[in-house]
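Student: Sequence first, predicted model second:
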Amino acid sequence: MTVLVVTGTGTEIGKTMTTAALAAVARAAGRSVAVLKPAQTGVGPGQPGDCAEVTRLAGEVTTLELARFPEPLSPETAALRAGLPPVPTDGIVRAAGRLAADHDLVLVEGAGGLLVRFDAGGATLADAARELGAEVLVVAPPGLGTLNAVTLTAEALRARGLAQLGVVLGSWPREPGLAERCNLVDLPVAAGAPLLGALPEGAAALAPADFRARAAGWLAPVLGGRWDAARFTAEHPALARPAPAGAAVRTAV
C-alpha cells in the first residue's frame, strides 16, 4: 500500500501511537514514510502536535499538518470558533498525492472518529479515503463498550464502499480484565475484519529507541510487523462463557 488512512472509534485511544508504530516499522524496513495530519485540534501555535510525537518516537519521517485549531473540538467547530478556514477534502487528497509521489508510505491520521466533520458541507475523513482509494485502519480501545463503536465504524465504511484493513488495539492494559480478553475474540466479528495489532498501555512513555525496537512486535505482518493475533489471544484467554439462560431447560425437554 502507498496511502493508508488511520482512523479511530473516538479520541485518546492510541491513533497517534499506532501511526508512530507503523512509521517506525516501515522505516526499519527501509521505506520512506510521510505522515499527513489534515486537522490538528487542541494545540496552540508553537506547541508540539501529533506529527511531532510521531517524529519523536518513530524517527526521521516527513510530516505535514494542513491546519491547526487551538480548541479541542471537532475540526469543523474548532475552525469556526477560531475564525479560520476549514480543511477541504480536496486539499487532503492533493497533499496525500504529493507526499505519495516521493514516499513509499503515506499515513493519513484523522481527528477523532471516521465521520467527524471537517466543514459545513459535512466532509469527513471517509470522503478523503474514498477519493484517495485508500484502505482504512481502525484503532480502537480494547475494553468494555468498544464492540458497538467498532461495529458502527465498520458499517459506515462498508456503506461507503471503503476497505477496512483491520483493527489495532491502541492501548492494551498491563492487566487485562474479562472484557478485554473476550474482545480479542469478539472484535474481529464486530468489525468484519481481522485484529492486526495491540499496542501496550504506556507506549508513549518508552524511550524512542525502545519504541522503535519493539514496534514490530505490536503489529501484524500485513502492517510490517510480527504480531500474531491467534497467539496473542491464546496468551490472554477469556473465562468460559456461561450457557444462555434457559439452555439447560431446553436440553432437558
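Tutor: Received the coordinates, thanks. Numbers count the residues shown, from 1 in each chain.
Student: Contact partners for residue 115?
Tutor: Contact analysis of residue 115 by CB atoms under 8 Å, 6 or more residues apart in numbering lists 124, 125, 126, 156. In this view, the C-beta of every residue, glycine as well, is placed from N, C-alpha and C.
Student: in the stretch 101-250 of the chain, which spans are strands?
Tutor: Applying DSSP state E, counting those that start in this stretch to the stretch 101-250 of the chain gives strands spanning 105-113, 135-140, 164-172, 195-200.
Student: I'd like the ones you listed written out as TSV, with mean neighbour count, mean pLDDT and distance to residue 65 added.
Tutor: As requested, those are exported to TSV (neighbours: other CB atoms under 10 Å; pLDDT from 0 to 100; distance: least, CB to CB, whole Å):
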stretch	mean neighbour count	mean pLDDT	distance to residue 65
strand 105-113	26	95	10
strand 135-140	25	98	19
strand 164-172	24	98	21
strand 195-200	24	98	22
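Student: Could you pull out the buried residues of stretch 218-230?
Tutor: The neighbour-count check on stretch 218-230 (16 or more other CB atoms under 10 Å) flags 218, 219, 220, 223, 224, 225, 227, 229 as buried.
Student: cool, and stretch 199-208?
Tutor: For stretch 199-208, a neighbour-count test (16+ other CB under 10 Å) marks 199, 201, 203, 206 as buried.
Student: Contacts only, for the residue nearest to residue 112 when sequence neighbours are not counted.
Tutor: Take residue 112 and drop its neighbours on the chain: the residue closest to it by CB to CB, 6 or more residues apart in numbering is residue 11, 5.1 Å away. Listed by CB under 8 Å, 6+ apart, the contact partners of residue 11 are 111, 112, 113.
Student: Got the phi and psi for residue 46?
Tutor: The phi/psi pair for residue 46 (degrees, to the nearest 10) reads phi 80, psi -10.
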